[in-house]
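Participant: pasting a predicted model and its sequence here:
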Amino acid sequence: MPELETSIVWLGAIAGALSSIAALLSLAFKPFLKLKERVKVLEDEIRTLKEELAEHQDKLNKDHHSFLLQQDVNRLLLESTSNLLKHNVDGNNTKQMMDCARRIDDLVFARGSSIKEEL
């Protein structure tokens, strides 16, 4: 009978030790599990931010292209105005005025209707 009691005590001690080890392992791995969840949340947030960044970058590229087109139009209009003023003052610059008129026609007929469509 003492051997049975000793065996029961040993089994209880082993069960208690296993239970303690399991609890210790659970406590040891708990921060890693929380960290894994946090990394997943951060990866999702970064993915969302990258998508938004790409969308905004596309819009900025379109705006930049639009500004370049507007810059060309403004340059042509200012040059035409300058030539017109010079012609009114001295009657010369007819050739430059004809050249500007041709370029304005080219701009209006070739690109004028499609500037917004390019964006």
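Facilitator: All right, it came through fine.
Participant: next one: A22 from A28, what distance?
Facilitator: 11 Å (C-beta to C-beta, to the nearest Å). In short, each C-beta sits where N, CA and C put it, glycine included.
Participant: do the same with L77
Facilitator: From L77 across to A28, the span is 74 Å (C-beta to C-beta).
Participant: can you name every helix or strand that the stretch of helix or strand Q57 belongs to contacts?
Facilitator: Here Q57 sits within helix 2-90, counting by DSSP states H and E. The contact analysis (3 or more C-beta pairs under 8 Å, 6 or more residues apart in numbering; DSSP states H and E) places helix 2-90 against helix 94-106, helix 115-118.
Participant: from memory Q96 sits against T81, does it?
Facilitator: No: counting by C-beta atoms under 8 Å, Q96 stays clear of T81, with 11.7 Å between them.
Participant: just want to know which of these two has more residues nearby.
Facilitator: For Q96 versus T81, neighbours defined as other C-beta atoms under 10 Å are more numerous around Q96 (16 against 11).
Participant: how about that one, nearest residue that isn't a chain neighbour?
Facilitator: Spatially, and ignoring its direct neighbours in sequence, Q96 is nearest to N83 (4.5 Å; C-beta to C-beta, 6 or more residues apart in numbering).
Participant: the one you found: neighbour count?
Facilitator: Per other C-beta under 10 Å, the neighbour tally for N83 reads 20.
Participant: need phi/psi at G91.
Facilitator: phi 80, psi 0 (degrees, to the nearest 10).
Participant: around it, count how many other residues there are.
Facilitator: 8.
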